[in-house]
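> build me a model from this:
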Amino acid sequence: MKIVVLDGYAANPGDLCWDELHALGDCTIYDRTAPVEVVERAADAEILLTNKTVITAEHMTRLPELKYIGVLATGYNIVDTIAAKERGIVVTNIPAYSTDSVAQMVFAHILNITQQVQYHSEEVRKGRWTQSKDFCFWDTPLIELRGKKLGIVGLGHTGYTTARIAIGFGMKVCAYTSKTNFQLPPEIRKMELDELFRECDIISLHCPLNDSTREMVNAERLRMMKPTAILINTGRGPLVHEQDLANALNSGIIYAAGVDVLSEEPPRADNPLLTAKNCYITPHIAWASTAARERLMQIMLENIKAYQEGKPMNVVK
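Purely as a prediction, here's the structure:
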């Protein structure tokens with residue numbers, strides 16, 4: 001059985017091991033694959049694994065041996081799942097492997113913004129503290145989280161884990177979710193989306209990307225937010241209209257944003273968020289802790305073994 005990994009570097013840049021995958025078939029692993037290389041590299045493969053390399057309907061028509069596509073991530077919008085279903089190709093993903101790591105990144109951004117950790121650390125390195133007339137200094141508001149309202153958009157695994165952390169900080173948690181009030185713990189208050197944006201001090205996005213959520217954070221919703229509000233996006237870049245967010249930050253409509261994802265990755269040099277005021281960007285690394293990537297690799301193996309045994313698991317719809 002021929003197995004091809006199109007872009008294995010992100011999940012395993014060398015600190016993990018592919019040996020167990022090699023044991024499952026004739027395996028070829030590429031660090032990265034350009035779109036024009038997909039068909040040539042995947043030729044004769046029954047199992048194709050991809051993280052961010054797009055697999056189109058045209059690719060599938062030119063890969064007659066292809067029976068299984070394993071997405072090395074939770075989101076699977078990079079695969080034409082309709083075309084795969086028509087051709088009887090199984091498509092799987094890796095659910096919930098990075099829940100704890102992503103929730104941790106949410107609070108890394110929140111704490112950096114509210115305490116200005118990076119800024120003050122850099123000022124100390126410049127000698128500000130050694131030259132200070134007082135035993136301490138700060139140049140920005142230092143914001144305590146207790147009592148603040150955190151609004152979570154999407155209460156799946158990661159959203160719920162983020163909520164539990166927020167509760168530990170003494171925050172009031174609100175959520176826009178399809179879950180009913182009876183399904184929510186008493187510490188989480190259900191809200192409509194616009195109400196969430198109006199009332200909450202911090203908004204954290206955890207919903208899937210689809211036609212109804214694309215650019216859900218736009219100029220209109222940003223104007224609903226408090227001028228002291230913070231937006232966090234560790235979900236999907238296109239959930240946010242980036243020019244509208246940059247305008248809102250630069251004009252003081254909202255206070256700050258912390259994002260780990262952008263609409264185009266890597267971003268173009270002219271992406272407006274790269275130079276926006278109080279915009280803190282990490283390079284899509286919320287998922288990438290060693291522990292999370294180890295879980296990803298293990299679930300990938302379990303998915304393939306289940307497929308080989310005729311009982312595929314984590315099949316996407």
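> I'd like the average pLDDT over stretch 233-249.
Averaging pLDDT along stretch 233-249 gives 98.
> to clarify, my last question referred to stretch 279-295.
98.
> buried residues of that stretch, list them for me.
279-282, 284, 286-289, 292-295 (16 or more other Cβ atoms under 10 Å). Placement of C-beta: from N, CA and C, glycine included.
> okay if I get those residues as CSV plus distance to residue 142?
Formatted as CSV, those follow (distance: Cβ to Cβ, whole Å):
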residue, distance to residue 142
279, 19
280, 16
281, 22
282, 22
284, 28
286, 24
287, 30
288, 29
289, 28
292, 31
293, 34
294, 36
295, 35
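> where exactly do the helices run in the stretch 101-250 of the chain?
117-125, 157-168, 193-199, 219-224, 242-250 (DSSP state H, counting those that start in this stretch).
> show me what the longest one is packed against.
The contact analysis (3 or more Cβ pairs under 8 Å, 6 or more residues apart in numbering; DSSP states H and E) places helix 157-168 against helix 99-115, strand 149-153, strand 172-176.
> pick the most deeply packed of those.
Using mean count of other Cβ atoms under 10 Å, the stretch among the helices and strands packed on helix 157-168 with the largest mean neighbour count is strand 149-153, at a mean of 25.
> the inter-axis angle of that one versus helix 157-168?
170 degrees (axes from the mean of the first three to the mean of the last three Cα atoms, to 10 degrees).
> re the thing from before, mind putting the helices and strands packed on helix 157-168 into TSV with distance to residue 196 and mean pLDDT?
TSV is the format used below for these (distance: least, Cβ to Cβ, whole Å; pLDDT from 0 to 100):
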stretch	distance to residue 196	mean pLDDT
helix 99-115	16	98
strand 149-153	4	98
strand 172-176	5	98
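> okay, those in CSV with distance to residue 260 next?
Listed next are the helices and strands packed on helix 157-168 as CSV, based on distance: least, Cβ to Cβ, whole Å:
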stretch, distance to residue 260
helix 99-115, 6
strand 149-153, 15
strand 172-176, 20
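> out of the ones you listed, the one nearest residue 5 is which?
Residue 5 sits nearest to helix 99-115 of all those, at 21.7 Å, using Cβ to Cβ.
> now residue 14. Its backbone dihedrals?
In terms of degrees, to the nearest 10, the main-chain angles of residue 14 are phi 130, psi -10.
> near it, how many other residues are there?
Neighbours of residue 14 under the rule other Cβ atoms under 10 Å: 7.
> report the separation between it and residue 304.
21 Å (Cβ to Cβ, to the nearest Å).
> swap in residue 113?
41 Å.
> for this structure, which helix is longest?
Longest helix in the chain by number of residues (criterion: DSSP state H): helix 290-308.
> now do that one against helix 99-115, angle only.
Going by the same axes, to 10 degrees, helix 290-308 makes 150 degrees with helix 99-115.
> now stretch 23-39, how far from the centre of its chain.
24 Å (Cα atoms, centre = their mean, to the nearest Å).
> pull up the distance across that stretch, start to finish.
One end of stretch 23-39 to the other measures 24 Å (Cα to Cα, to the nearest Å).
> same question for stretch 45-58.
16 Å.
> same question, stretch 62-72
22 Å.
> what does it rub up against?
Contacts to stretch 62-72, defined as Cβ atoms under 8 Å, 6 or more residues apart in numbering, come from residues 2, 5, 8, 10-11, 39, 42-51, 55, 60, 78-79, 84, 87-94, 296, 300, 303-304, 307, 312, 316.
> filter those down to the buried ones.
The neighbour-count test (16+ other Cβ under 10 Å) marks 2, 5, 8, 10-11, 42, 45-51, 55, 60, 78-79, 84, 89-94, 296, 300, 303-304, 307, 312, 316 as buried among the contacts of stretch 62-72.
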